[in-house]
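Visitor: What shape does this take:
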Amino acid sequence: MDNVATGVLVESNVVEVHVDGASAGITVQGDGNPEYRVCADQACSMVRLDWGSTAAVLQASGYVQLRLFSSPLGSAAHTATVMAGNVATDWTVSTGVAVTFLGFAATAADSPFTFPDQSLGTPVPGRLIAVMVHTSTNGNTAISGVTVGGVSGVKVISVHENQGAGAPTALFIVDAPLVSGADVVVQTSGSVGLRCAVGIWSLQGLQSSAPVDTATYDGPDPGALNVDVPAGGVVLGALTKNSSMGATATWSGPEPQYGGVINEGTGTLYSGAHAFLAQSQTGYVVTTAGGPSGTNRSVVASFR
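Guide: Numbers count the residues shown, from 1 in each chain. Sure, this is the predicted structure:
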């Protein structure tokens, strides 16, 4: 079984097992605390032996189902081996991308914007840090860079940069796998950035740091964006909306993880969301909105 979420309980298909002779022993071992159960029929409407991992004796042919917890790591496998009589069968469960929302912060200081001592979770080889940047500016502004613990990130998608006053928004990917806590710094160029907020994620088990697909929206509510997502992939999204004091962000598609208002007179709404997709989807729809006034600036990116 491939591309499942990390750290979840997964059940196998129900498989018929034939016992040669009067009885046969059954055992299970492996990763992820595997267990088995024995049923009288393939639908398991009648359970002969309920979930457990203790060795037992099968008195007759029946149906066997396994379950285990998937790996907490992305793109990793857990394997259980069930032995029925003299026949050993392996069942392997592989995970997709491990996505973890780490936190968000906002500041009223001038550029460069520094968000000190951000918790980045447990260091894991191969992990990447995703930083979603929301700004509120009074003129042509570009989000020129992001560093995490001094490590520079790569901008993978942005909207409304150098297009006048408003709310430039961007996503950066930073290769800082072994950093557990660090300052996050955002650099802007052009007009002075008035306010800034960031949302931070951990992405582990990516096959590539480059996005599979991206989309942007710059216009009135609602913002509608579409991206292709491979099996086991993740979607990250951000909404920034100026002139939205007192408004609340709404999403369809990914689950919102944070939100707030940068208070600078009119107020700029910001919010971020993510989703994990076990099955591939072409044209995964993301809809964003943030109140009756202001302009919606949204970005979405998919990864695998």
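Visitor: Does residue 115 touch residue 109 like I think?
Guide: No: using Cβ atoms under 8 Å, residue 115 is not in contact with residue 109, being 9.7 Å away. For the C-beta atoms, the positions are set from N, CA and C on the backbone; glycine is no exception.
Visitor: so residue 215 touches residue 299, yeah?
Guide: Yes: with contact defined as Cβ under 8 Å, residue 215 reaches residue 299; the gap is 7.4 Å.
Visitor: Which residue of these two possesses the greater neighbour count?
Guide: residue 299 (30 against 20; other Cβ atoms under 10 Å).
Visitor: what mean pLDDT does the one helix or strand that one maps to have?
Guide: Using DSSP states H and E, residue 299 sits within strand 296-303. On average, the pLDDT along strand 296-303 is 98.
Visitor: helices or strands up against that strand?
Guide: strand 154-159, strand 169-174, strand 213-219, strand 223-229, strand 233-241, strand 281-289 (3 or more Cβ pairs under 8 Å, 6 or more residues apart in numbering; DSSP states H and E).
Visitor: Out of those strands, which gets nearest to residue 195?
Guide: strand 233-241 (10.3 Å; Cβ to Cβ).
Visitor: partners of that closest one in the sheet?
Guide: strand 268-277 (antiparallel), strand 296-303 (antiparallel) (DSSP bridges).
Visitor: and the angle from the strand of greatest length in the chain to strand 233-241?
Guide: Determined from DSSP state E, the single longest strand within the chain is strand 193-204. Strand 193-204 and strand 233-241 are oriented at 170 degrees to each other (axes from the mean of the first three to the mean of the last three Cα atoms, to 10 degrees).
Visitor: My guess is residue 229 contacts residue 211. True?
Guide: No: contact criterion Cβ under 8 Å: residue 229 and residue 211 do not qualify, at 10.4 Å.
Visitor: rewinding a little: paired strands for the longest strand of the chain, with orientation please.
Guide: In its sheet, and by DSSP bridges, strand 193-204 pairs with strand 98-107 (antiparallel), strand 128-137 (antiparallel).
Visitor: After the first one, which helix or strand is next?
Guide: It stands for strand 98-107. According to DSSP H and E, the helix or strand after strand 98-107 is strand 113-119.
Visitor: Need the CA coordinates for stretch 116-129. PDB is fine.
Guide: Taking Å, rounded to 0.1, in the frame of the first residue of the first chain, the C-alpha atoms of stretch 116-129 are listed here in PDB:
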ATOM      1  CA  PRO A 116      13.200  35.400  16.300                       C
ATOM      2  CA  ASP A 117      13.500  31.900  17.700                       C
ATOM      3  CA  GLN A 118      11.000  30.100  15.600                       C
ATOM      4  CA  SER A 119      10.500  26.400  16.600                       C
ATOM      5  CA  LEU A 120      11.200  24.200  13.600                       C
ATOM      6  CA  GLY A 121      10.400  20.800  15.200                       C
ATOM      7  CA  THR A 122      12.700  17.800  15.300                       C
ATOM      8  CA  PRO A 123      15.600  17.900  12.900                       C
ATOM      9  CA  VAL A 124      15.300  15.100  10.300                       C
ATOM     10  CA  PRO A 125      17.700  14.500   7.400                       C
ATOM     11  CA  GLY A 126      16.100  15.500   4.100                       C
ATOM     12  CA  ARG A 127      13.600  17.800   5.700                       C
ATOM     13  CA  LEU A 128      12.800  21.100   4.100                       C
ATOM     14  CA  ILE A 129      11.300  24.200   5.700                       C
END
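Visitor: Good, wrapping up.
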